[in-house]
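Enquirer: this one's sequence-less:
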């Protein structure tokens, strides 16, 4: 018998029939002798609909009230799922994030979990019931206010609960059969991975792969929680995210490349005509940091000898573009640059694989594939197990397919399926 934490995304609980299907899966796990804790997201597009409703009331809703509003979606899901499980003859009780002991800081809309004290969840499981927890939410102990965890918060809730409860595995149910070598919506021939390391999954998530969010994987690696990514629409074996060694006799493929990720959510800022003297680059990024903006890739051009000026380009989330450009423009006189250029029509492609450490020629093969496809590269960034390039957004899909094929990642079996249409 194992203690299993299961998480179901919005597409898995999108309507009444979907909730009944999830309830049947939960009940089967319980009848198989396992202790089960379930974390649920809001139904379908409920969160987006609540955001739209708030903006119809006021263009600038207070963030505290937004958090209270948005947590309603998960509360609806948890209670309906508990009812559906009860209907199958299995006892289940639902809990909000606060009731489940998810303690956060007070950053409304993007709170971080600082502790989990799941005494009520433990008691419920010990009595033989299934515990249903609303994902994406917690409580700040100083203010006693409800908080939300931001994008992918239900994944993070599930892994945090699994770590605190010392669960045997955290099963993340989504609308794809596991982690694929590329987004199945762009590369139908993408191949499902049987096993992925935490480091590879971190790079995939950070580079745009939407099946798991970065914070969830970071939490899992820190506490050694195995994550099993599966589809709630099928019974197929999914992908195991772990650093644990394979079981004796288990054959585990060790490919050079784990996958090709892509990201359309970034923009590029070029600071033109920066005096090439010590401290100017530092000042630029101090200003950007003070605006609360995270930077991804950075490129500085070679200084022009005649002018002593250089250009510095960096990528950042497109949603932070306005804040970054406003902050830099305000400080233009003391930094001394000539102008700013903003470009939100870029795309990022990333090649990820732990095998890069020991296999030469990966970079050459990547750049040759892009060249053969007529894809121009604007920026390059690398880590020990990742190579990222920036190109035009309108050529990103073609670039992904070209690189995927060049590294022999295409599957010869059936095409990959996104059952709910979102890839989450």
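Expert: Ah, there it is. All of these numbers come straight from a predicted model, not from anything done at the bench.
Enquirer: wait, isn't residue 204 in contact with residue 260?
Expert: No: in this structure, residue 204 sits apart from residue 260 without contact. The criterion is Cβ atoms under 8 Å, and the distance is 9.2 Å. C-beta: built from backbone N, CA, C; applies to glycine.
Enquirer: what touches both of the two?
Expert: Listed contacts common to residue 204 and residue 260 are 350, 352; contacts here mean Cβ atoms under 8 Å, 6 or more residues apart in numbering.
Enquirer: of the two, which one has the most company?
Expert: Under the neighbour definition other Cβ atoms under 10 Å, residue 204 and residue 260 were set side by side, and residue 260 has more, 32 against 29.
Enquirer: secondary structure class for the more buried one?
Expert: Assigned by DSSP: H, G, I helix; E, B strand; the rest coil, the conformation of residue 260 is strand.
Enquirer: can you check residue 324 too?
Expert: Taken by three-state DSSP, the conformation at residue 324 corresponds to helix.
Enquirer: pretty sure it sits against residue 316.
Expert: Yes: using Cβ under 8 Å as the test, residue 324 is close enough to residue 316 to be in contact (5.9 Å).
Enquirer: shared neighbours of the two, anything?
Expert: Shared contacts of residue 324 and residue 316 (Cβ under 8 Å, 6+ apart): 269, 288, 293.
Enquirer: now tabulate those residues in CSV and tack on distance to residue 157.
Expert: Putting the shared contacts of residue 324 and residue 316 into CSV (distance: Cβ to Cβ, whole Å) gives the following:
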residue, distance to residue 157
269, 34
288, 31
293, 26
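Enquirer: now the terminal residues of stretch 381-400, how far apart.
Expert: Terminal residues of stretch 381-400 are spaced 17 Å apart (Cα to Cα, to the nearest Å).
Enquirer: and residue 311, how close does it get to residue 337?
Expert: With distances taken as Cβ to Cβ, to the nearest Å, residue 311 is found 9 Å from residue 337.
Enquirer: anything in contact with each of these two?
Expert: The contact sets of residue 311 and residue 337 overlap at 271-274 (Cβ under 8 Å, 6+ apart).
Enquirer: which of these are buried?
Expert: When those are checked for burial by 16 or more other Cβ atoms under 10 Å, the buried set is 271, 274.
Enquirer: and the shared contacts of residue 311 and residue 337, which is closest to residue 348?
Expert: In terms of Cβ to Cβ, no member of the shared contacts of residue 311 and residue 337 lies closer to residue 348 than residue 271, at 19.5 Å.
Enquirer: so what's the nearest residue to residue 390 once chain neighbours are set aside up against?
Expert: Once flanking residues are discounted, residue 390 sits nearest to residue 379: 4.0 Å by Cβ to Cβ, 6 or more residues apart in numbering. Residue 379 makes contacts with 268, 297, 299, 313, 315, 389-390, as judged by Cβ under 8 Å, 6+ apart.
Enquirer: what two of those have the greatest distance between them?
Expert: In terms of Cβ to Cβ, those reach their longest pairwise distance at 313 and 389, which sit 13.4 Å apart.
Enquirer: so those two - more neighbours on which side?
Expert: When neighbours are counted by other Cβ under 10 Å, residue 389 comes out ahead of the other of residue 313 and residue 389, with 23 against 19.
Enquirer: bridging residues for that one?
Expert: Counting by DSSP bridges, residue 389 is bridged to residue 349, residue 380.
Enquirer: you'd agree it is up against residue 371?
Expert: No: here residue 389 lies out of contact with residue 371, judged by Cβ under 8 Å, at a distance of 11.5 Å.
Enquirer: buried residues in stretch 367-387, which are they?
Expert: Of the residues in stretch 367-387, those buried by neighbour count under the rule 16+ other Cβ under 10 Å are 367, 369-370, 375, 378-379, 381, 385-387.
Enquirer: thinking again about what came up before, restricted to strands, list the contacts of residue 379.
Expert: Secondary structure of the contacts of residue 379 is defined by DSSP state E; positions in strands are 268, 299, 313, 315, 389-390.
Enquirer: export those to a markdown table and tack on pLDDT?
Expert: Written out in a markdown table, the entries for those read as follows (pLDDT from 0 to 100):
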| residue | pLDDT |
| --- | --- |
| 268 | 97 |
| 299 | 92 |
| 313 | 96 |
| 315 | 96 |
| 389 | 96 |
| 390 | 96 |
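Enquirer: which one of those residues sits closest to residue 106?
Expert: Looking at those and their distance to residue 106, the nearest is residue 315, at 29.7 Å (Cβ to Cβ).
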